[in-house]
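1. Got a predicted structure plus its sequence, pasted below:
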Amino acid sequence: MHHCRGLILAGGLSSRMGSDKAALRRNHQTMEDFNRELLAALGLDVVVAGGASGIRDLIPGAGPLAAIYSVLQSVQPSALLVLPVDMPLLTTSVLRVLLEEGEEAGVPVCYDDCYLPLYLPVTQALRDYLDKVFTEGCDQPRSLKRMLAAMNGRQLPITDTNALLNANTPEEWQRVMQMLGDVH
């Protein structure tokens, strides 16, 4: 059994959506619950960053990297499988590839030009990198892309492009719900 944890990023402002994306309903289930089920199906314990019940960001408004940094201050996993809360077509098979590839290689793994979802081994090098970015006041951009480059991350070819669709606006959400056949 691995000590990887599933991390749901639910702390964004959802400003383009106009409502909390974690609370959006997909087939009568909130997006947060949908993501919880995906991670549970992979045998992972779940941690939520942000949102009503999640771990609060230590550096509010600083994006996914700050959420990961904040979670690592209170949780001690060997790795994280990081999911954005706004991918309603995500599948366990897409996530399993990241998990297996990442655990085998021991490096961060995502899909080509799609930095979330992300398998992220929690190493001292990662902790040092995040400390430098968030506590030393350096000019490092707080981006997943930069962090992946610094950690020698690997990008895999995308086999299911629909699974990686984000829904950030009401129009994108409606389009994805139509793809699911979940139109109200």
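-> Ah, there it is. Source: prediction; values computed, not measured.
2. got the residue ranges for the helices in the chain?
-> With DSSP state H as the criterion, the chain has helices at 31-41, 63-72, 92-105, 124-135, 144-150, 170-180.
3. Which positions within the last one qualify as buried?
-> Going back to what we said before, that points to helix 170-180. Buried residues in helix 170-180, counting neighbours by 16 or more other Cβ atoms under 10 Å, are found at 172, 173, 176, 177. Just so you know, the C-beta spots here come from the backbone N, C-alpha and C atoms, and that holds for glycine as well.
4. Same question for the second one.
-> The neighbour-count criterion (16+ other Cβ under 10 Å) identifies 63, 64, 65, 66, 67, 68, 69, 70, 71, 72 as the buried residues of helix 63-72.
5. In a markdown table: those residues, plus distance to residue 30.
-> Conversion of those to a markdown table gives the following (distance: Cβ to Cβ, whole Å):
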| residue | distance to residue 30 |
| --- | --- |
| 63 | 22 |
| 64 | 20 |
| 65 | 25 |
| 66 | 23 |
| 67 | 19 |
| 68 | 22 |
| 69 | 25 |
| 70 | 22 |
| 71 | 20 |
| 72 | 25 |
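6. any idea of the angle the longest strand along the chain forms with helix 124-135?
-> If you go by DSSP state E, the chain has its longest strand at strand 114-121. Using axes from the mean of the first three to the mean of the last three Cα atoms, to 10 degrees, the direction of strand 114-121 lies 120 degrees away from that of helix 124-135.
7. if I read this right, residue 103 contacts residue 79, doesn't it?
-> Yes: Residue 103 is within contact range of residue 79, at 7.1 Å (criterion: Cβ atoms under 8 Å).
8. who wins for proximity to residue 159 among the helices of the chain?
-> In terms of Cβ to Cβ, the element of those nearest to residue 159 is helix 92-105, at 7.7 Å.
9. Show me what the closest one packs onto, helices and strands only.
-> Judged by 3 or more Cβ pairs under 8 Å, 6 or more residues apart in numbering; DSSP states H and E, helix 92-105 is in contact with helix 31-41, strand 79-84, strand 109-111, strand 114-121, strand 154-156.
10. thinking again about what came up before, and of the helices of the chain, who's closest to residue 117?
-> So among the helices of the chain, helix 92-105 is nearest, using Cβ to Cβ, at 6.0 Å.
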